[in-house]
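Visitor: The following block contains a protein sequence and its predicted model.
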Amino acid sequence: MPTRRVAVVGGGITGAVAASALAPVCEVHVYDQGRRGPGGRASHRTVDPSTLAVLATDAPPPGALEFDHGCQFLRADDARMRTLAAEWVDRGICAAWRGRFGTVGDGASPFFGLPTSAAPVYVGVGGMHRVPRRVLEASGATVHAGVRVSGLRRVAAADGGPPQWALLGVGGAAAFHDTAEAVAAATEAAALGAPFDAVLLTDVSSSFANWHRASAGVPESLAARVRERVRVPLFAAMVAFAEPLGLALDGINFGDGAPVWWASRTQSKPGLESGAAECWTLVSTPAFAVDEITAVPMQDAATGAFRPQEDSYLNSGPAPALLRAFTDAVAHLRPAEAPLPRVVYLQGQRWGSALPAPTDVGGRDATGRGAGTVRVLDVAYERSTPPLTFDRAPAAAGAADYAADEGERLFYAGDFTSRRAPGFEAAALSGLDAASALKRVLGV
């Protein structure tokens, strides 16, 4: 039997785990559109302190400013996830985060179980992005970085077998989420190599209609099953202070009413202890993010065109607002009369699909809709702060951990297709389960 060719769209943790499971028995190609390499929502930013230029490197210069500006850490509640985490720890990819965690304010909704969780949480050694990257590097899959899949097309197989999938896409600047729309729209998609026997999609944004930069032209019968999941949007702000703030906490959960939900100190994480300045990542509440997306939508209301992230907006509105909220909230924890250290770097980030809303929890339905769900230009967002930890494996809920049209050999994985508590663990296990089902369908 000829070797089966499988395309994995997205190099985050879902794609990395799936590729690692598939590569021993298939020819696997991973396509990732990230500007600074694979990682997905396990994103990390490295900044040269001398120029404040963002660097695309895993070997940062001395004193670099570093931030995990997407996923902050990972949990391992499921037995299979504990096995994966233990393997990654043994390989030096992960380490337990021994941070000092606490809450500021009243009525705080725990951030993935912190600060009260007794179970350990893990971070990538040297940044969260290193987890999917190291898994991909060891997988044997071929990784195509800086390539965005923009279309899927059915084609006849040369050997007379079942129809295959031809992928269309673009590379370079046109692939990136923050490139001007005029530049991206002017680039014509081209075939991405030979056709594939099966496709596994992992980026929820691939399910959007063609107005969205990340749309992959997924057949509507499958795309609708993913697209209708309610999204929890979040904004992040990366801030570096010239001197330490003098706080006794490394991970802070904030109370109700604050625009900031969570803050992490970079230098408290393994492999990131040094730096020219004290670096913090601030994560907004969903309510803050929904208000921002309502005011500045991701789609032009008049033309319908995708609106990319623009620093002129992020760094004049959301980022300063989160910084002010953070410094105000922790002012009473700092040494008395100590002036606030100078800010040497501030950068905002929009995560329009940061997490899926939990399903069938707290009055939410099977798509995550609840009392706090709103629609902005026909996309459903959750503005209330949802629970991010609860015990409900997909098997117990009677639902698969991925979406698929097995007859078409088209699969969708990630936490947006899972009924587990959202986040890194659900995404990884969804990729593992989808890979197992895909091998069964391909007969390998």
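Guide: Noted; the coordinates are in hand.
Visitor: just checking, residue 200 is part of a helix?
Guide: No. Going by DSSP: H, G, I helix; E, B strand; the rest coil, the assignment for residue 200 is strand, not a helix.
Visitor: Could you tell me how many residues sit around it?
Guide: By other CB atoms under 10 Å, 30 other residues sit near residue 200. The way it works is simple: take the backbone N, C-alpha and C, and place the C-beta from them, glycine included.
Visitor: need the contact list for it.
Guide: Residues counted as contacts of residue 200 (CB atoms under 8 Å, 6 or more residues apart in numbering) are 6-9, 15, 18, 22, 411-413, 434-435, 438.
Visitor: List just the nearest of these to residue 169.
Guide: Residue 169 lies nearest to residue 9 out of the contacts of residue 200, by CB to CB, at 9.1 Å.
Visitor: quick one: the closest one from residue 150, how far?
Guide: Distance, residue 9 to residue 150, using CB to CB, to the nearest Å: 10 Å.
Visitor: Now do the shared contacts for those two.
Guide: Common neighbours of residue 9 and residue 150 (CB under 8 Å, 6+ apart) are residue 216.
Visitor: any weak-confidence spans in the stretch 251-400 of the chain?
Guide: Low-confidence segments of the stretch 251-400 of the chain (pLDDT under 70): 392-398.
Visitor: ok, which stretches of it are strands?
Guide: Residue ranges of the strands in the stretch 251-400 of the chain, as given by DSSP state E, counting those that start in this stretch, are 251-254, 260-265, 278-284, 343-356, 373-376, 379-382.
Visitor: Tell me how many other residues crowd residue 193.
Guide: Neighbour count of residue 193, defined by other CB under 10 Å: 14.
Visitor: So what does the nearest residue to it once chain neighbours are set aside look like in phi/psi?
Guide: Distance criterion CB to CB, 6 or more residues apart in numbering; nearest residue to residue 193, sequence neighbours excluded, is residue 29 at 6.8 Å. When read as degrees, to the nearest 10, the backbone of residue 29 gives phi -120, psi 130.
Visitor: In contact with residue 29: list those residues for me.
Guide: Neighbours of residue 29 in contact, by CB under 8 Å, 6+ apart: 5-8, 141-142, 144, 192-193, 196.
Visitor: Let me have the contacts of residue 200 in JSON lines, extended by distance to residue 266, neighbour count and pLDDT.
Guide: As requested, these are arranged in JSON lines below (distance: CB to CB, whole Å; neighbours: other CB atoms under 10 Å; pLDDT from 0 to 100):
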{"residue": "6", "distance to residue 266": "36", "neighbour count": "29", "pLDDT": "98"}
{"residue": "7", "distance to residue 266": "35", "neighbour count": "24", "pLDDT": "98"}
{"residue": "8", "distance to residue 266": "30", "neighbour count": "35", "pLDDT": "98"}
{"residue": "9", "distance to residue 266": "30", "neighbour count": "26", "pLDDT": "97"}
{"residue": "15", "distance to residue 266": "25", "neighbour count": "32", "pLDDT": "98"}
{"residue": "18", "distance to residue 266": "29", "neighbour count": "33", "pLDDT": "98"}
{"residue": "22", "distance to residue 266": "34", "neighbour count": "28", "pLDDT": "98"}
{"residue": "411", "distance to residue 266": "36", "neighbour count": "27", "pLDDT": "97"}
{"residue": "412", "distance to residue 266": "33", "neighbour count": "27", "pLDDT": "97"}
{"residue": "413", "distance to residue 266": "30", "neighbour count": "33", "pLDDT": "98"}
{"residue": "434", "distance to residue 266": "33", "neighbour count": "30", "pLDDT": "98"}
{"residue": "435", "distance to residue 266": "33", "neighbour count": "27", "pLDDT": "98"}
{"residue": "438", "distance to residue 266": "37", "neighbour count": "28", "pLDDT": "97"}
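Visitor: any chance you could map the helices in the stretch 251-400 of the chain?
Guide: For the stretch 251-400 of the chain, the helices defined by DSSP state H, counting those that start in this stretch cover 286-295, 311-314, 318-330, 394-397.
Visitor: okay, those in JSON lines with distance to residue 59 and mean neighbour count next?
Guide: Putting the helices of the stretch 251-400 of the chain into JSON lines (distance: least, CB to CB, whole Å; neighbours: other CB atoms under 10 Å) gives the following:
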{"stretch": "helix 286-295", "distance to residue 59": "33", "mean neighbour count": "20"}
{"stretch": "helix 311-314", "distance to residue 59": "25", "mean neighbour count": "14"}
{"stretch": "helix 318-330", "distance to residue 59": "27", "mean neighbour count": "19"}
{"stretch": "helix 394-397", "distance to residue 59": "39", "mean neighbour count": "13"}
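Visitor: Redo those helices as CSV? Include distance to residue 61.
Guide: Output for those, formatted as CSV (distance: least, CB to CB, whole Å):
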stretch, distance to residue 61
helix 286-295, 32
helix 311-314, 22
helix 318-330, 24
helix 394-397, 44
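Visitor: All good on my end, thank you.
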